[in-house]
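Following is a predicted model, sequence given first.
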Amino acid sequence: MSKFFAFISRMKFINRWALMRNTSYESLVSHSHEVAVIAHALCVIGNRRLNKDYDENYAAVIALYHDASEIITGDMPTPVKYFNSELKDAYKDVEKKANEKLLNLLPNDLKGDFDDILFYDEKYRKIIKSADKISALIKCEEELKMGNCEFKQAKKTISTAIEKIDCEEANIFLKEFFPYYSLSLDELN
């Protein structure tokens, strides 16, 4: 018997952007889904246009679980998480221990499969980080569209963070796909 998937199911109860006034709340599960869709797209872009060799399905699964540690730690607000290098390193260690705890909830015969997801290949680090930041940028765009100026600075900060990641796949996504996120459903049709 294992509690692993019951824990994973609790992602739907964790709200993101805790220190920000939101017009609509974003759960960790909805964020993870969006990151999975974007990570998959970034890998497809990389494979088709940049001659990369990504497993886009693996990237999507990694993205579904990329914040699973927050089931145990909660969603640490970015200004706190990155306040200084000591705090950032300490939080990374806490995330690692939380993922180890989750992994240890699994039966032994399944641990190897999920170890490769919770502690994924370095090759995918830029893809997952970029997809995560693009998802945050989309949230900022949605909030600003609703007249919530609280996300104005966050959008600038996140845009700068994406530039610093220097992921060509992300740049292509932002240029070709992101502009349509500001359109209404009628405009999309």
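Sure, I can see it.

Only C-alpha atoms from now on, for both contacts and neighbour counts.
Fine.

in this protein, which spans are helices?
4-9, 28-49, 56-65, 70-73, 78-81, 85-103, 108-118, 125-145, 152-165, 168-176, 185-188 (DSSP state H).

how distant is the third one from the center of its chain?
Spelled out, that is helix 56-65. Its chain's C-alpha centre and that of helix 56-65 lie 10 Å apart, by C-alpha atoms, centre = their mean, to the nearest Å.

Out of the helices of the chain, which gets nearest to Leu19?
helix 78-81 (9.4 Å; C-alpha to C-alpha).

ok so, going back, next, format the helices of the chain as a markdown table and append mean neighbour count.
Converted to a markdown table, the helices of the chain look like this (neighbours: other C-alpha atoms under 10 Å):
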| stretch | mean neighbour count |
| --- | --- |
| helix 4-9 | 13 |
| helix 28-49 | 22 |
| helix 56-65 | 23 |
| helix 70-73 | 18 |
| helix 78-81 | 12 |
| helix 85-103 | 16 |
| helix 108-118 | 14 |
| helix 125-145 | 21 |
| helix 152-165 | 15 |
| helix 168-176 | 17 |
| helix 185-188 | 8 |
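
mean pLDDT for the ones you listed: which is lowest?
Set side by side, these give their lowest mean pLDDT on helix 78-81, at a mean of 63.

is it possible to export the helices of the chain to JSON lines including distance to Asn15?
Conversion of those to JSON lines gives the following (distance: least, C-alpha to C-alpha, whole Å):
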{"stretch": "helix 4-9", "distance to Asn15": "14"}
{"stretch": "helix 28-49", "distance to Asn15": "6"}
{"stretch": "helix 56-65", "distance to Asn15": "16"}
{"stretch": "helix 70-73", "distance to Asn15": "10"}
{"stretch": "helix 78-81", "distance to Asn15": "14"}
{"stretch": "helix 85-103", "distance to Asn15": "17"}
{"stretch": "helix 108-118", "distance to Asn15": "21"}
{"stretch": "helix 125-145", "distance to Asn15": "13"}
{"stretch": "helix 152-165", "distance to Asn15": "17"}
{"stretch": "helix 168-176", "distance to Asn15": "25"}
{"stretch": "helix 185-188", "distance to Asn15": "25"}
